[in-house]
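**Student:** quick one, structure for this:
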Amino acid sequence: MNEKSQPITLVCPLDRVPLNEANDQVIARLNRAISARRIKNRSGRLLEQSIEAGLVREDAMLLYPVLDGIPVLLADEAIELGQLD
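**Tutor:** Numbers count the residues shown, from 1 in each chain. So this is what the prediction gives:
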């Protein structure tokens, strides 16, 4: 039997809002803010390393970093994008 595989949708672990790949502009702005030591994750830890990519909630409130090609879908590691304003 040939079953069609369902596409995988990654969701926010907090409330199951779908996640999408962050665009290059968001990653660049975030990395500039990380370099300026202005970004903390939800646990309050100051981020010191730039990120290569991220997954953003559809409501654009949180970003989950992708490190070494692996999405880090832990609520405490999420980055509140309101810090970029």
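
**Student:** any residues touching the lowest-mean-pLDDT helix or strand in the chain, and which ones?
**Tutor:** None of the helices or strands of the chain scores lower by mean pLDDT, DSSP states H and E than strand 70-71, at a mean of 94. Under the criterion Cβ atoms under 8 Å, 6 or more residues apart in numbering, residues Leu10, Leu55, Tyr64, Pro65 lie in contact with strand 70-71. Using the backbone N, CA and C atoms, a C-beta is placed for each residue, glycine as well.

**Student:** pairing partners for it, with directions?
**Tutor:** Applying DSSP bridges, strand 70-71 is found paired with strand 62-67 (antiparallel).

**Student:** if I pick the residue nearest in space to the middle of the chain, what's in contact with it?
**Tutor:** For the chain, the residue nearest the mean C-alpha position is Tyr64 (2.1 Å; Cα atoms, centre = their mean). By Cβ under 8 Å, 6+ apart, the contact set of Tyr64 is Cys12, Leu19, Gly54, Leu55, Val56, Pro71, Val72, Leu73, Leu74, Glu77, Ala78, Ile79.

**Student:** nearest to Arg38, of these?
**Tutor:** Within the contacts of Tyr64, proximity to Arg38 (Cβ to Cβ) peaks at Ile79, which comes in at 11.2 Å.

**Student:** what are the buried residues along stretch 34-50?
**Tutor:** By 16 or more other Cβ atoms under 10 Å, the buried positions in stretch 34-50 come out as Ile34, Ile39, Asn41, Leu47.

**Student:** just name the closest of the residues you listed to Asp85, please.
**Tutor:** For the buried residues of stretch 34-50, the nearest to Asp85 is Ile39 (12.0 Å; Cβ to Cβ).
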